[in-house]
Structure formats: structure tokens, C-alpha cells
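Asks: sequence plus predicted model, see below.
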Amino acid sequence: MSAQEHPIVIVGSGPAGISTWLHLHDRDPALAARSVVIEQATHPREKLCGGGLTWSGDRQLGFLGVSIEVPAVPVHEVEFRFASETLRLPGDDVMRVVRRWDFDRALVGAALDRGLVLHEDVRLDAVDPSGNGVTLQTSRCTYRCRVVVGADGASSTVRARSGFERGGALSRLIKVVTPPSGADSDATAAHRAVFDFRPIAAGLQGYVWHFSCLEAGRPSVDRGIFDSRVRPELPRADLRAILAAELAGAGVSSSPTAWRSHPVRPFTPDAALVRPHVVLAGDAAGIDPVLGEGLSQSLRHGDVAADAIVDAFERDDFSMKSHAELFARHELGRSLLLRHHLAAELYGEAARDPAEACRRFRAWLAAGLP
């Protein structure tokens with residue numbers, strides 16, 4: 001099997017991987033031009049994410065001079081439901097709901113226009129970080145590089161085979177796309193995103209969501225349940241029973257055979273995000289355990305990863321130790337740390353007191369934290 005030499009191999013062509021390459025291209029175009037992104041699937045590829053792109057994600061794209069125009073539903077109000085109160089966050093640019101296969105394909109297209117080298121339909125079989133770099137065995141060929149970026153999702157092969165300690169419990173997610181119901185018929189519902197935290201009383205460490213979206217050009221509603229498991233010592237909630245009850249309460253008829261599920265990795269501050277010659281980004285590194293926000297944060301992961309990689313090449317030091325300081329200073333690192341602590345509070349003692357859970361969440365919103 002042939003071997004290819006590249007300074008950097010990015011595994012995964014989702015938002016984290018492509019953002020990393022775009023930020024590399026912005027900082028060191030020559031280095032980016034000699035690097036490659038490998039992808040197990042081919043675009044367009046199905047993704048189960050709810051597709052909420054917040055203002056911070058669009059801002060990160062703006063820093064790169066990238067505009068992704070795909071069919072989307074703009075959200076003008078976000079509603080957070082608690083047993084004791086409903087909190088509302090208005091704003092024309094709170095977020096937009098996109099279909100991930102459209103968004104990811106458009107983002108890849110923007111990178112290809114700037115010279116991205118993308119190898120699709122490449123299965124990663126083995127990762128060997130040793131000596132002066134990393135050797136990747138794939139279904140296509142052997143890749144050798146100085147740095148590998150694991151942007152290959154919650155079940156990251158790079159993470160599993162590069163010597164990282166096993167993380168804590170994975171989050172769980174179930175989703176379904178349905179036609180609008182009677183509860184979605186008022187004029188404002190089409191531009192409202194709902195995060196329903198009331199099921200935390202039943203042990204859910206997360207929420208049920210309802211986002212208006214477009215499915216094959218038709219107005220639809222993306223619905224689902226997110227269980228962060230940020231408190232793994234507590235009993236597991238019955239996600240299917242909770243989701244079924246929530247759908248019935250919304251007047252939605254949906255067979256569980258149409259439901260889709262996948263694991264999600266929550267961010268934890270004690271989990272390593274780098275090893276010598278290896279950087280994790282996006283879902284492989286861990287997402288926000290409060291709102292399950294992954295898309296916008298994956299775009300910001302690319303900013304930090306690119307800085308650490310460029311620094312490694314400039315210093316000829318591939319320990320990747322600078323990443324920790326860069327991540328801690330970056331808005332993303334501060335945000336994820338704060339959200340981890342909030343999630344631990346919300347789904348621990350506060351979960352037994354609906355009014356207290358609402359109070360803590362309201363204080364977080366009022367502080368304007370990232």
C-alpha cells in the first residue's frame with residue numbers, strides 16, 4: 001500500500017475539521033496547502049445534529065470571510081421551559097436552523113475553493129503516534145504526518161487509538177423530524193426554538209427540544225431529547241418514555257421506528273484534548289453539556305487547534321503543550337468550562353428543586369456568559 005507524507009492530516013470533514021483547515025489556511029496558507037483532510041463518508045452525508053447554528057458560529061465564519069448560504073429557518077426567540085417558569089431570549093440573530101448535510105457540504109465547498117485537499121471514502125484503521133510524528137493506516141493508503149487532528153466525532157478513532165484516557169459517560173441523543181402539529185401553528189412558533197428542561201424532574205440531565213426546520217423544502221419540526229450524563233453517578237433517565245410523552249403532549253404522532261439516536265461526548269475540564277503530535281477538536285473533544293451545542297463550538301475549536309498547530313511548527317515542538325493555555329484563554333475554553341459547572345449544578349442538587357434550577361439558569365443568561 002502506498003504512503004503519503006503531509007505535515008498535517010485532519011481526520012473528519014465536518015465543521016471542526018474544515019474549520020481547523022480554514023483557520024490554518026488563514027494563518028499559514030503554505031502549510032495548509034500541503035495538508036490533507038480525510039473523510040470516511042462522502043458528501044452530502046447524513047448527520048443527526050439538530051442543526052442550530054448560533055450567532056457565535058456565524059461570527060466565526062465571518063472572521064474567515066466565509067458565508068454559508070443554505071436553506072435555513074431563522075430563530076427570533078429561544079424559549080427555556082422550567083417547571084416553575086419559562087425564560088425567553090429574543091433576538092433576530094439568536095440562531096438559524098440548518099440541515100447538516102447542506103451546511104457541511106457548503107462548508108467543504110468553501111474550503112475546496114481555497115485549495116483544500118479532501119480524500120473521501122477513506123476508513124481510518126490504525127493510528128500510531130510515535131517518534132517524530134504519526135502514522136495512519138487507512139483503507140486508501142498509509143499517511144505519515146507531524147500532526148493529526150481528530151475531528152472525527154464523539155466515537156473518534158483518533159481519540160481511541162492515540163493513548164487518550166477513556167472519558168466519562170457519553171451523552172445520549174434521540175431525534176425525529178415531524179410535520180408541524182397544532183401546537184406549532186401560531187405565527188411565532190415558526191421562528192422559535194424550545195428547550196424544555198421540565199423533564200429534569202424525571203432524572204433527565206438535559207432537555208427536550210423543538211426547532212422549526214426545512215425538510216426537503218417543506219416546513220417541519222426537528223424534535224428530540226438530549227441527556228448530557230454530566231453526572232454519571234446518578235440513575236439513567238428513560239429517554240424513550242420521556243420523549244414519547246413529550247411528543248404526545250405536543251400532539252405529535254411519531255413511531256419510534258422513525259427515531260434516530262447517537263452518542264455525544266460532553267466536555268469535561270479534566271479530559272486531555274492533546275497528546276504529542278495529536279489534537280482533538282469538535283465532538284471528539286467534547287461539546288457543551290448544558291445545551292448540547294456542537295455545531296457553532298466545532299467551528300470555534302478550529303480556531304484554537306490551528307493556533308496550537310502553527311505554534312508547534314514555528315517552535316518545532318510537537319508536544320502540543322501550548323494548546324492548554326490557548327484553549328483556557330479562548331472564549332470557547334472559558335465557555336465550555338462555565339457550562340460544565342452549570343450542568344453539574346442543574347442536574348445535581350438543583351434538579352430536585354425546579355425553582356432553584358430556573359434561578360441558576362436565569363443567572364447564567366443574565367450574566368451574558370459565552
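Replies: Here it is on my side, so go on. Residues are numbered from 1 along each chain as shown.
Asks: buried set for the helix or strand containing W21?
Replies: W21 belongs to helix 15-27 when elements are defined using DSSP states H and E. Residues of helix 15-27 classed as buried: P15, A16, G17, I18, S19, T20, W21, L22, H23, L24, H25, D26 (neighbour count, 16 or more other Cβ atoms under 10 Å). C-beta: built from backbone N, CA, C; applies to glycine.
Asks: next: stretch 98-112.
Replies: Quick answer for stretch 98-112 (16+ other Cβ under 10 Å): V98, R99, R100, D102, F103, D104, R105, A106, L107, V108, A110, A111.
Asks: relative to S296, how far out is the nearest residue to the fifth one once chain neighbours are set aside?
Replies: Once its chain neighbours are removed from consideration, F103 has its nearest residue in V70; the separation is 5.5 Å (Cβ to Cβ, 6 or more residues apart in numbering). From V70 across to S296, the span is 15 Å (Cβ to Cβ, to the nearest Å).
Asks: so those two - more neighbours on which side?
Replies: Between V70 and S296, counted using other Cβ atoms under 10 Å, the more crowded position is S296 (22 against 18).
Asks: can you tell me the SS state at that one?
Replies: Under the three-state scheme (DSSP: H, G, I helix; E, B strand; the rest coil), S296 adopts helix.
Asks: got a pLDDT number for the closest residue to it other than its chain neighbours?
Replies: Excluding the flanking residues, the one nearest S296 by Cβ to Cβ, 6+ apart is G57, at 3.0 Å. Here, the pLDDT recorded for G57 equals 91.
Asks: ok, back up a step: as CSV, the buried residues of helix 15-27 with distance to A169 would be great.
Replies: Converted to CSV, those look like this (distance: Cβ to Cβ, whole Å):
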residue, distance to A169
P15, 24
A16, 21
G17, 25
I18, 29
S19, 27
T20, 27
W21, 31
L22, 32
H23, 31
L24, 33
H25, 36
D26, 36
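Asks: got those residues as TSV, with pLDDT and distance to P179 columns?
Replies: Formatted as TSV, those follow (pLDDT from 0 to 100; distance: Cβ to Cβ, whole Å):
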residue	pLDDT	distance to P179
P15	95	28
A16	96	32
G17	97	34
I18	97	32
S19	97	33
T20	98	37
W21	98	38
L22	98	36
H23	97	39
L24	98	42
H25	97	41
D26	97	42
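Asks: and those, which is closest to D316?
Replies: Set against D316, the nearest of the buried residues of helix 15-27 by Cβ to Cβ is L24 (17.1 Å).
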